[in-house]
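**Q** with the input below, show me the fold.
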Amino acid sequence: MDMDKKNMLERVVKAARKAYMKGFAAGSGGNVSIRIQGQVYISPSGICLGDLTQEDMIMLEADGFAPPADKPDSGRRRPSKEAGMHLACYRSRPDIQCLFHLHSPYSIAAACRRQGNGSRAMGMPAYTPGYAMRVGRIPVVPYYRPGSRELAEAVSDVICSRDSLLLANHGMVAAGKSPEAVLAAAEEIEENAHLTILLGDRGIPLDEEQTEALFRAGGTV
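**A** Now for the predicted structure:
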């Protein structure tokens, strides 16, 4: 394995382990991927992100499956069931190099909230300038079965124009140019989600105009 590939794989598993330590995934939940020299590597199904190593990362073919067993990078495990979602996002965004799908509890809670009329709330208000600059008005993708083609298409349709989103009853997705940037975005999202749940209807968030102005000034991750 060349040094650049080894370094990038070590960076993504280090970020994944940090995400687990912060409580952004429980058990074997969540999955991470990275694009290196045109190839996508993803965490395997059934492994805890807190235990992930670079040797665990599986190289994907274009259809989302691992290479045949006679290829050295095939490994013994199957790739995450969300491999199709990761590949669809990379196809829609040639500029991103890394993608995390996390089951962070406050983000899930924020994506499950209902509005006063009983319908599902879309996104969450921005409570801090840092969040508004890096994330902005985050959308919520409706619930689709995990691992389904419908979920992959819905997520890639959003990621084609922004770097993060919430998944109803499921978690969050964040993408970016490096594992460190993606983890930082996930931290911003989970912190803002925590504030959203903590404050409920008592909070005073930034208004839409303030949020949009900060987002335009700060850009995406």
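**Q** for the residue nearest the centre of the chain, helix, strand, or coil?
**A** Centroid-nearest residue in the chain: Val173, 2.5 Å away (criterion: Cα atoms, centre = their mean). With DSSP: H, G, I helix; E, B strand; the rest coil as the basis, Val173 sits in strand.
**Q** so it touches Ser164, yeah?
**A** Yes. The criterion here is Cβ atoms under 8 Å, and Val173 meets it with Ser164 at 6.6 Å. From N, CA and C alone the C-beta is placed, and that goes for glycine too.
**Q** which other helices and strands does the host helix or strand of Ala152 contact?
**A** Per DSSP states H and E, Ala152 falls inside helix 149-159. Contact partners of helix 149-159 among helices and strands, from 3 or more Cβ pairs under 8 Å, 6 or more residues apart in numbering; DSSP states H and E: helix 83-92, strand 140-141, strand 164-167, strand 171-176.
**Q** what do you get if the cut-off is 10 Å, keeping everything else the same?
**A** Applying 3 or more Cβ pairs under 10 Å, 6 or more residues apart in numbering; DSSP states H and E, we find helix 149-159 packed against helix 83-92, strand 98-102, strand 140-141, strand 164-167, strand 171-176.
**Q** and of these, who's closest to Ser45?
**A** Smallest distance to Ser45 across these (Cβ to Cβ): 8.9 Å, for helix 83-92.
**Q** which strands or helices does the closest one pack on?
**A** Other helices and strands packing on helix 83-92, by 3+ Cβ pairs under 10 Å, 6+ apart, are strand 31-36, strand 39-42, strand 98-102, helix 149-159, strand 171-176.
**Q** deepest-packed of the ones you listed, please.
**A** Counting by mean count of other Cβ atoms under 10 Å, strand 98-102 has the highest mean neighbour count of those, with a mean of 28.
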